[in-house]
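Participant: fold the following and give me the result.
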Amino acid sequence: MLAKTYGSAVYGVDAFTVTIEVNVTGGTKYYMVGLPDNAVKESLQRVESAIRHYGYRMPRQRIVVNLAPADIRKEGSAYDLPIALGILRASEQIEAPALEQYVVMGELSLDGVLRPVKGVLPIAVEARRQKYKGFILPKENASEAAIVNNLDVIGVETIREAIEFLEGTRDIAPLVSDTRELFFNQLNDYAADFSDVQGQENIKRALEIAAAGGHNVIMIGPPGAGKTMLAKRLPSILPPLTLHEALETTKIHSVAGRLSTDASLISTRPFRAPHHTISDVALVGGGGIPQPGEISLAHNGVLFLDELPEFKRTVLEVMRQPLEERRVTISRAKISVDFPANFMLIASMNPCPCGYYNHPEKECVCAPGVVQRYLNKVSGPLLDRIDLHVEVTPVSFDEMTATRKAESSEQIRDRVIRARTQQQERFQGHKDVFSNAMMPSQLVKEVCVINQAGRTLLKTAMERLGLSARAYDRILKVSRTIADLADSEDIKIEHLAEAIQYRSLDREGWAG
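Facilitator: Modelled structure (predicted):
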């Protein structure tokens, strides 16, 4: 007898339906076709043990399992449950007339208990689009799938529960989640706050400008000056995620298997801080069937690279294109996948190997030329793509012990939101441009108009610092953001002067 069940495969951040066809006929042997990987092929042992645990039998006949479409590779253990149900239905051990109305996914343990799987959210989205009645999946994944409305999400703990539900002998209520209430209840729920930071007002100002315009930042300073502490607080002053951004971010983390079992919707901006030993594939994504890397996991949030010169040069160079295009394309022989990568890059570094070059109190012990060689580990083209270069100095004892309450993240965020609102209105007619940092060169000429005094100042700075054309655009974008924070329609000379000072690493003689 032939039976059909429906599962799903995830490529990139989207899913497509996989039809699992099971045919049980006279003969012997078990055949799995349709480009399954080893994890799928090994399902036979898991399926046999699981169904025997509940009193069913594995047919000693010829079993053919086809995963269609047959020309696309299937991977992972999530096909265990639909294969098991297909075998039981094809061997007429169960009557499940509603089986073809559901998408079914889940990994089986040897005793028939279901284990959670990856990529549940994009699968649920595709199931609703294909007009399936519901989605049967492990109970631990149910809250994630319940984000999608107009789809019956049936969470089960064992294969027996799934069988009894499909046969109509067990009533399982679909899990219902109020996505909007869940989203708004957790909005801006950050553990770290700028009110905890004493002193460092100039760094806070630079991070406020970065947040207001979506600009990339690099902080240069000695160890213990507070670079990491400040970076961790940057997401708390960014504008809150929209519901669309939250769903998009959650899909990426779902595909990567990074959602905890009790999580459903990511409602705060992600903060990713990979170690400097990371490989280029782990950073941008990859694999046989491409998986998202750290830059995609930081989508709509912050990617923090601590000790930037310690990263391998090849790792840093692969970021150059995603920083410009805000997406990464991973191509393989048979497939090409796009992952979104719209993130803010914030990097930190010591000014030299010993860490104390330009320190106000401690003496640098590095040999002549060592500082420049250390800085040269970060390429010029990458630094050009970073809008703000900020020098961080240690906090004095008086500032650390001050009783004055520092400004909170909420107060800073209010100013950032006002600036972002102006930018949204300004770029309404422009596709894929939502902040000043996203402006292409042509739009910079239209939006960032400066007067004669500003042009003279910028010309002098360009000549003295030897800035590139890309750095010129960066200065104009940052000055536009500073003007937005000041509620100014025009870019004034003081806005331009402040933007120019955030090009520390371009200064001639900075590294001696």
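Participant: and the spatially closest residue to Asn149 that is not a sequence neighbour, how far from Ile209?
Facilitator: Nearest residue to Asn149 in three dimensions, chain neighbours excluded: Thr179, at 7.1 Å (CB to CB, 6 or more residues apart in numbering). All C-beta spots, glycine's among them, are computed from the backbone N, C-alpha and C. Thr179 sits 33 Å away from Ile209, going by CB to CB, to the nearest Å.
Participant: check Pro440 too.
Facilitator: Counting by CB to CB - Pro440 and Ile209 are separated by 20 Å.
Participant: looking at those two, which is more packed in?
Facilitator: Comparing Pro440 with Ile209 by other CB atoms under 10 Å, the one with more neighbours is Ile209, at 26 against 12.
Participant: show me where the stretch 151-300 of the chain has its helices.
Facilitator: Secondary structure of the stretch 151-300 of the chain (DSSP state H, counting those that start in this stretch): helices at 159-167, 179-185, 201-213, 227-232, 243-255, 280-284, 294-297.
Participant: out of these, which gets nearest to Ala127?
Facilitator: Across the helices of the stretch 151-300 of the chain, Ala127 has its closest neighbour in helix 243-255 (13.8 Å, CB to CB).
Participant: still on that earlier bit, hmm, Asn150 and the residue nearest to Asn149 touching each other?
Facilitator: No: counting by CB atoms under 8 Å, Thr179 does not reach Asn150; the two are 11.7 Å apart.
Participant: just the helices of the stretch 151-300 of the chain: most buried one?
Facilitator: Highest mean neighbour count of these: helix 294-297, a mean of 26 (counted as mean count of other CB atoms under 10 Å).
Participant: quick one: average pLDDT of that one?
Facilitator: If you average the pLDDT over helix 294-297, you get 95.
Participant: gap between the helix or strand following that helix and the chain center?
Facilitator: Following helix 294-297 in sequence order, the next helix or strand is strand 302-305 (DSSP states H and E). The chain centroid and the centroid of strand 302-305 are separated by 11 Å under CA atoms, centre = their mean, to the nearest Å.
Participant: tell me which other helices or strands strand 302-305 touches.
Facilitator: Contact here means 3 or more CB pairs under 8 Å, 6 or more residues apart in numbering; DSSP states H and E; on that basis strand 302-305 packs against helix 227-232, strand 271-272, strand 344-349.
Participant: select, out of the ones you listed, the one closest to Ile51.
Facilitator: Smallest distance to Ile51 across the helices and strands packed on strand 302-305 (CB to CB): 41.3 Å, for strand 271-272.
Participant: pLDDT averaged over that closest one - what is it?
Facilitator: The model assigns strand 271-272 a mean pLDDT of 94.
Participant: check stretch 216-230 too.
Facilitator: Across stretch 216-230, pLDDT averages out at 90.
Participant: surely Glu48 meets Tyr56?
Facilitator: No: using CB under 8 Å, Glu48 is not in contact with Tyr56, being 9.6 Å away.
Participant: shared neighbours of those two, anything?
Facilitator: Listed as contacting both Glu48 and Tyr56 by CB atoms under 8 Å, 6 or more residues apart in numbering is no residue at all.
Participant: wait, a helix at Thr393?
Facilitator: No: remark: Thr393 does not belong to a helix; assigned using DSSP: H, G, I helix; E, B strand; the rest coil, it is coil.
Participant: burial of it, as a residue count?
Facilitator: For Thr393, the tally of surrounding residues (other CB under 10 Å) stands at 17.
Participant: could you shift the numbering so residue one becomes 845, and keep it that way?
Facilitator: Will do, 845 is the new start, and the previous item becomes Thr1237.
Participant: distance of it from Gly1070?
Facilitator: According to CB to CB, Thr1237 stands 10 Å off from Gly1070.
Participant: tally of neighbours for the nearest residue to Met1282 once chain neighbours are set aside?
Facilitator: Distances taken as CB to CB, 6+ apart put Gly1058 closest to Met1282, at 6.6 Å, once the chain neighbours are dropped. Counted with other CB under 10 Å, residues neighbouring Gly1058 total 22.
Participant: and for the one 4 residues further on?
Facilitator: Neighbouring residues of Ile1062 were enumerated by other CB under 10 Å; the total is 23.
Participant: so what's the residue nearest to it when sequence neighbours are not counted scoring on pLDDT?
Facilitator: Spatial nearest neighbour of Ile1062, excluding adjacent residues (CB to CB, 6+ apart): Ala1191 at 4.5 Å. At Ala1191, the pLDDT value in this model is 94.
Participant: quick one: Ala1191 and Lys1071 touch, right?
Facilitator: No: the pair Ala1191 and Lys1071 does not pass the contact test of CB under 8 Å, sitting 9.3 Å apart.
Participant: shared neighbours of these two, which are they?
Facilitator: Residues touching both Ala1191 and Lys1071 by CB under 8 Å, 6+ apart: Met1063, Asp1150.
Participant: show the contacting residues for the spatially most central residue of the chain.
Facilitator: Most central in the chain under CA atoms, centre = their mean is Leu1141, positioned 2.1 Å from the mean C-alpha point. In this structure, Leu1141 makes contact with Ile1096, His1097, Ala1100, Arg1102, Pro1114, Arg1116, judged by CB under 8 Å, 6+ apart.
Participant: state the distance from it to Phe1183.
Facilitator: 9 Å.
Participant: mind listing the shared neighbours of those two?
Facilitator: In terms of CB under 8 Å, 6+ apart, Leu1141 and Phe1183 are both contacted by the residues Ile1096.
Participant: any idea how this protein splits into domains?
Facilitator: 846-1021, 1038-1350 (automatic domain parsing).
Participant: ok, of the ones you listed, where does mean pLDDT dip lowest?
Facilitator: domain 1038-1350 (a mean of 88).
Participant: just to revisit the earlier point, right, and the domains of the chain - which one's nearest Gln1030?
Facilitator: Among those, the nearest to Gln1030 by CB to CB is domain 1038-1350 (4.1 Å).
Participant: pull the distance from that closest one to the chain's centre.
Facilitator: 15 Å.
Participant: what's the answer for stretch 875-889, then?
Facilitator: 31 Å.
Participant: same question for it: list its buried residues.
Facilitator: Within stretch 875-889, the residues scored as buried using 16 or more other CB atoms under 10 Å are Met876, Gly878, Pro880, Ala883, Val884, Ser887, Leu888.
Participant: surely the first one touches Ala914?
Facilitator: No: the pair Met876 / Ala914 is not scored as a contact, 11.2 Å apart, by CB under 8 Å.
Participant: tell me the pLDDT at Ala1355?
Facilitator: At Ala1355, the model reports a pLDDT of 53.
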